[in-house]
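Peer 1: Got a predicted structure plus its sequence, pasted below:
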Amino acid sequence: MEKSPLNRSEIIEKLRFPDTDVRRQTIEMFFNEEPDEEILSILCSFLNDENTGVRDAVSNVLTINNNEKIPGLLVPLVSSPDISVRNLAGELLLRKGEASIEPLTKYLATNENLDDQKFIIDILGLIGISGPEPEIIKVLRNSNNDNVILSCIEALGNLKSTQSYDVLVEYYDKLDLYKPTIVEALGKLDNPAILDFIFDKYANEEELTKFAMLECLGKQGNDDSFFFLLSELKYYEPPLSWEAIRSLKLLKDKLELDIPFDESTKNSILNALQEGDVYYKKPAVSLLRSFVDREVFKTYLAVFGGDFTIDDEIKNNIYPHFELFVRQLIDYLDGSPGNLRAVIELTREMFEMSSPSEQNDSLAIESHKLCEKLTGHLTHPDEEVRRIVMELLFHLNPETALIFSDTMMADQNVWNRMRLVDLLEELNSEKAVPVLELLANDEDEMIKERALQVLSGTNN
């Protein structure tokens, strides 16, 4: 680190200067040099400064400084009545990680303030390194405050404490309020007794606790857990059913088990894909790979476009069943779906990916029906939809596309009309000439020139 041009007394004087810019600039000197213990103590005290710029500057300096004394100087600030100071100190202590454990644990042992205890225990839990379990368990046993007790329970789970199983089980029946948090904590431990505990308690618990148990089974479960979830799924309503599905996906992948084709199971998974948030849609769409029918494909189309990772799964599920996709797509295009653009883009991609043998005679009738549905969207308000529909029509049935060339030429978007010229050129057919001749009189000079260029090539 560079040596400061100021001597130590000058630095301390500037750190205590009333002008905030002077204090901030002096603090920033310590990005490049190491403060001694007295200056370090002054720097830590600046987390209490009224000026945000000063607090931010010292926070940045303390973040990059690895002096082992910093956590001990910061710990008393968790008792600050100013919540912003408390939170900033807590954030720095969390960043310091293992170095903060000893000073936090010592401060916890001598601090009887409930808010401070909860805050310290939360930080220790988030650091997630074992060591402070005895002091946390001591606070747990001595406290009558529910918030502190819940923080202790959560922290013991985050620490994956081998010492905590017995005490967590002990507290399970003390109060219903504790149960979900205890189950979540147990789910983070590596103890085979947890599964027996859950199966023993499950039937008589309320929904919130059951929810935590289902999550725990997904993390810790075995073959018995997998089949238990399958058997229970039919009795669940959302969001319990959604969590069961997520846990089934985790166990399926871990244990390499298959989801049996069952109508009730399928309906529960479809509900998660339709109504759940992305957290539940992802496992649902993955599990649906085993289910191939019209209802499933209808749901794929209905949810497509909402999330790109789910869309990728849907594409993977659809691709091996191209014919079923096309048939269901025809029905879906009967309405005016809100995700039409996404579905039309999907359709183009599926046709581009499929081989000519997959677009065979058995799909001739369906392709004709699909073209009929697509032509209805040539005047759609979305210019991208109109363009993709046009491209699909030329790909599927150029003769149908040419029949609707008047509608395409009337498109108000210049680039869509330009794309029409390109498609006519790619068609390379005498049937395209009359349309090109009309486009050669387009009001847009660029389109005129391009159409004449293509006509010139056609005539040659």
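Peer 2: Perfect, I can see it now. Residues are numbered from 1 along each chain as shown.
Peer 1: Which pLDDT value goes with the closest residue to Ile127 other than its chain neighbours?
Peer 2: Counting by CB to CB, 6 or more residues apart in numbering, the nearest residue to Ile127 once its immediate chain neighbours are dropped is Gly97, at 5.7 Å. Glycine gets a C-beta too; all of them are placed from N, C-alpha and C. For Gly97, the model assigns a pLDDT of 95.
Peer 1: Against Glu313, how distant is Gly97?
Peer 2: 36 Å (CB to CB, to the nearest Å).
Peer 1: out of those two, which sits in the more crowded spot?
Peer 2: Glu313 (20 against 13; other CB atoms under 10 Å).
Peer 1: pretty sure the more buried one contacts Lys282?
Peer 2: Yes - if you go by CB atoms under 8 Å, Glu313 and Lys282 touch, sitting 7.3 Å apart.
Peer 1: any shared contact partners between the two?
Peer 2: Here Glu313 and Lys282 have no joint contacts, going by CB atoms under 8 Å, 6 or more residues apart in numbering.
Peer 1: Name the SS class of Gly305, please.
Peer 2: Three-state assignment for Gly305 (DSSP: H, G, I helix; E, B strand; the rest coil): coil.
Peer 1: That one against Ile344, yeah?
Peer 2: No - the pair Gly305 / Ile344 is not scored as a contact, 10.0 Å apart, by CB under 8 Å.
Peer 1: So between the two, which is more surrounded?
Peer 2: Ile344 (25 against 19).
Peer 1: Please compute how far stretch 180-198 lies from its chain's middle.
Peer 2: In terms of CA atoms, centre = their mean, to the nearest Å, the centre of stretch 180-198 is set 25 Å apart from its chain centre.
Peer 1: Next: stretch 221-230.
Peer 2: 26 Å.
Peer 1: hmm, who's touching that stretch?
Peer 2: Contact with stretch 221-230 is made by 195, 199, 214, 217, 244, 247-248, 250-252, 255, 257, 259-260, 265, as judged by CB under 8 Å, 6+ apart.
Peer 1: do the same with stretch 398-411
Peer 2: 368, 371, 375, 378-379, 383, 386, 390, 393-394, 416-417, 420, 423, 427, 429, 431-432, 435, 438-439, 442.
Peer 1: before we move on, what SS does Tyr236 have?
Peer 2: Here Tyr236 is recorded as coil under three-state DSSP.
Peer 1: what's the model's confidence in stretch 139-150, averaged?
Peer 2: 96.
Peer 1: what's the straight distance from one end of that stretch to the other?
Peer 2: One end of stretch 139-150 sits 11 Å from the other (CA to CA, to the nearest Å).
Peer 1: distance between that stretch and the chain's centre?
Peer 2: For stretch 139-150 - counting by CA atoms, centre = their mean - the centre lies 33 Å from the chain centre.
Peer 1: swap in stretch 167-185?
Peer 2: Relative to its chain's centre, stretch 167-185 lies at 29 Å (CA atoms, centre = their mean).
Peer 1: Show the end-to-end separation of that stretch, please.
Peer 2: Start-to-end, stretch 167-185 (CA to CA) is 11 Å.
Peer 1: what does stretch 158-172 give?
Peer 2: Length of stretch 158-172, first residue to last, CA to CA: 17 Å.
Peer 1: centre of the chain versus that stretch, how much separation?
Peer 2: Counting by CA atoms, centre = their mean, stretch 158-172 comes out at 30 Å from the chain centroid.
Peer 1: for Pro18, helix, strand, or coil?
Peer 2: Applying three-state DSSP: Pro18 is coil.
Peer 1: And for it, the neighbour number?
Peer 2: Each residue near Pro18 was counted by other CB under 10 Å, and the total is 6.
Peer 1: same question, Tyr279
Peer 2: With other CB under 10 Å as criterion, Tyr279 counts 11.
Peer 1: measure it to Glu28 for me?
Peer 2: Taking CB to CB, one finds Tyr279 at 42 Å from Glu28.
Peer 1: ditto for Asp293
Peer 2: As for Asp293, its distance to Glu28 is 65 Å (criterion: CB to CB).
Peer 1: could you check the distance from the residue nearest to Ile127 over to Asn111?
Peer 2: 21 Å.
Peer 1: again with Phe119
Peer 2: For Phe119 relative to Asn111 (CB to CB), the value is 10 Å.
Peer 1: And these two? Which one has more around it.
Peer 2: Phe119 (22 against 18).
Peer 1: Point out where the stretch 1-150 of the chain drops to low pLDDT.
Peer 2: Within the stretch 1-150 of the chain, the segments meeting pLDDT under 70 span 1-6.
Peer 1: buried ones in stretch 162-170?
Peer 2: Within stretch 162-170, the residues scored as buried using 16 or more other CB atoms under 10 Å are Ser164, Tyr165, Val167, Leu168, Val169.
Peer 1: typo on my end, stretch 10-21
Peer 2: Residues of stretch 10-21 classed as buried: Ile11, Ile12, Lys14, Leu15 (neighbour count, 16+ other CB under 10 Å).
Peer 1: can you tell me which two in the residues you listed are farthest apart?
Peer 2: Ile12 and Lys14 (7.4 Å; CB to CB).
Peer 1: taking the buried residues of stretch 10-21 one by one, which sit in strands?
Peer 2: Assigned to strands by DSSP state E, none of the buried residues of stretch 10-21 qualify.
Peer 1: Out of these, the closest to Ile123 would be?
Peer 2: Minimum distance to Ile123 across those is 27.4 Å, recorded for Leu15 (CB to CB).
Peer 1: ok, the closest one - contacts?
Peer 2: Counting by CB under 8 Å, 6+ apart, Leu15 touches Arg23, Thr26, Ile27, Ile39, Ile42, Leu43, Phe46.
Peer 1: now it: how far from Glu68?
Peer 2: Going from Leu15 to Glu68 by CB to CB gives 22 Å.
Peer 1: Excluding covalently adjacent residues, which one is nearest to Leu159?
Peer 2: Counting by CB to CB, 6+ apart, Leu159 lies nearest to Ser130, which is 5.2 Å off, once chain neighbours are set aside.
Peer 1: Double-check the one you found against Asn158; I have them as touching.
Peer 2: No - with contact defined as CB under 8 Å, Ser130 does not count as touching Asn158 (10.1 Å).
Peer 1: Same drill for the two, tell me which one is more crowded.
Peer 2: Neighbours per residue (other CB under 10 Å) separate Ser130 from Asn158, with Asn158 holding more: 18 against 14.
Peer 1: my guess is that one contacts Glu184, does it?
Peer 2: No - the pair Asn158 / Glu184 is not scored as a contact, 9.8 Å apart, by CB under 8 Å.
Peer 1: joint contacts of these two?
Peer 2: By CB under 8 Å, 6+ apart, no residue touches both Asn158 and Glu184.
Peer 1: State the mean pLDDT of the host helix or strand of Ser367.
Peer 2: Secondary structure assignment for Ser367, by DSSP states H and E: helix 364-375. Mean pLDDT, helix 364-375: 88.
Peer 1: ditto for stretch 193-208
Peer 2: For stretch 193-208, the mean pLDDT works out to 95.
Peer 1: From the opening residue of it to its closing one, how far?
Peer 2: End-to-end distance for stretch 193-208: 21 Å, by CA to CA.
Peer 1: Can you mark which positions in it are buried?
Peer 2: Buried-residue list, stretch 193-208, by 16+ other CB under 10 Å: Ile194, Leu195, Phe197, Ile198, Lys201, Tyr202, Glu205.
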